[in-house]
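# What would the 3D arrangement of this be:
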Amino acid sequence: MTTGSEREPQRERPKLHLSNIRGGNDYLDVAQRIVWFRSEYPHGRIETVAHELTTEGAIFKATVEDGEGGMATGWGSETPGDFGDYIEKAETKAVGRALGAMGYGTESALQEDGLNVD
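Model prediction:
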């Protein structure tokens, strides 16, 4: 089990992987959020379920569980008109939103993913 104080140095590592997005905001890519989550919770789970897969679009639900009682879900949808690889993009979006809800992302990443960060 990892304590909060042991996690603090881990929280600084993602800053090394921030990207700059429109408006000059920092953004942490979903791949880096996964690495960050796995470094803190190696036995945690990230599960995705396709709720809709058609030639017109994809909808995924992702569930993230840290194995210590923390859990969050996120939904992602995309269409082929927006992305050629819309199925992968929808799944990635769902995972990113679930990880963001667990605290794995920057404030602008959460805003970009459509989460309220008041």
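# Y104 looks like it's in a strand, true?
No - assessed with DSSP: H, G, I helix; E, B strand; the rest coil, Y104 is coil; it does not lie in a strand.
# quick one: contacts for it?
P14, L28, R33, W36, F37 (Cβ atoms under 8 Å, 6 or more residues apart in numbering). For the C-beta atoms, the positions are set from N, CA and C on the backbone; glycine is no exception.
# Is the last one part of a helix or strand, or is it coil?
Reducing the assignment at F37 to three states with three-state DSSP gives helix.
# Once you drop chain neighbours, what's closest to it?
Of all residues not flanking F37 in the chain, Y104 sits nearest, at 5.2 Å (Cβ to Cβ, 6 or more residues apart in numbering).
# what's the neighbour count on Y86?
19 (other Cβ atoms under 10 Å).
# and it, what does it touch?
G57, A58, E78, T79, P80.
# In strands only, show me these.
Under the assignment DSSP state E, the contacts of Y86 contribute G57, A58, E78 to strands.
# Compare the residues you listed and tell me which has the most neighbours.
Busiest of the ones in strands among the contacts of Y86 [other Cβ under 10 Å] is A58, holding 25 neighbours.
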